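**Q** Structure for the following, please:
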Amino acid sequence: VVGAHLFTADHNDPLRQFVVTRSFGGVLLVEASPPITHSLRAVVANMSIEEHDGRTRKQSLIHVSSAAVVPSDHNCRADNGTTPFFTLLASGAGLPHWSTQIGTLTHWGVASQLPFLRSMSRSHGDGSWTMERLHNSIVRHEVPCRTLRGELRRHTELPPPAAVLIDVEGFDCRIVADED
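**A** Numbers count the residues shown, from 1 in each chain. Prediction:
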């Protein structure tokens, strides 16, 4: 799963039940956002998978990788570099619970969400989130960037993928088109 987000941690995720109720040779969750990767690792560490015979086992075959999967022509020189990734630290005081899950490869991508978040703060909270305060809560991270092939090659302990789910800001088709 590329662009894993809070995969398996969100009970509303339609694929969650599919993963936690079946045996796989392995599952690779790739997420660019460092805060979300941290949360994913904690969820996976505490996850149990129910086997077909009713036994429960610890899920050691779920691997979490922190990287931005990008098209081969991305400016980070995919597979050898890093790329900026921007997140938002703002939470509480009327902001939606998912405000800290906003993340993208561009500063503008996060900043464009601020007017909506400001209006949420006004209508559902105390209005203490000014535009300046929201803007100051944008954080820049440097994350590894790789092509899909490069990311899969880093995980030789897993069998070849039987299925790939990609959710990467509209680059999905370009990333798949890079592969043979």
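**Q** for Val164, helix, strand, or coil?
**A** coil (DSSP: H, G, I helix; E, B strand; the rest coil).
**Q** neighbours around it, how many?
**A** A count of neighbours around Val164, defined by other CB atoms under 10 Å, yields 14. All C-beta atoms are positioned from the backbone trio N, CA, C, and that covers glycine.
**Q** Low-confidence ranges, this structure, go.
**A** For the chain, the stretches with pLDDT under 70 are 1-25, 47-60, 76-80, 125, 162, 180.
**Q** and the helix or strand encompassing Phe85, how far from the chain's centre?
**A** Following DSSP states H and E, one finds Phe85 within strand 81-88. Strand 81-88 sits 12 Å away from the centroid of its parent chain (CA atoms, centre = their mean, to the nearest Å).
**Q** So which residues of the protein form strands?
**A** With strands called from DSSP state E, the chain shows them at 27-31, 48-50, 56-58, 62-66, 68-69, 81-88, 103-104, 138-146.
**Q** Not counting sequence-adjacent ones, nearest residue to His107?
**A** Distances taken as CB to CB, 6 or more residues apart in numbering place Phe86 nearest to His107, at 5.2 Å, with adjacent residues excluded.
**Q** Just name the most buried of the strands of the chain.
**A** Of all the strands of the chain, strand 68-69 carries the top mean neighbour count, a mean of 28, counting by mean count of other CB atoms under 10 Å.
**Q** Strand partners (parallel or antiparallel) of that strand?
**A** Sheet pairing of strand 68-69 (DSSP bridges) gives strand 138-146 (parallel).
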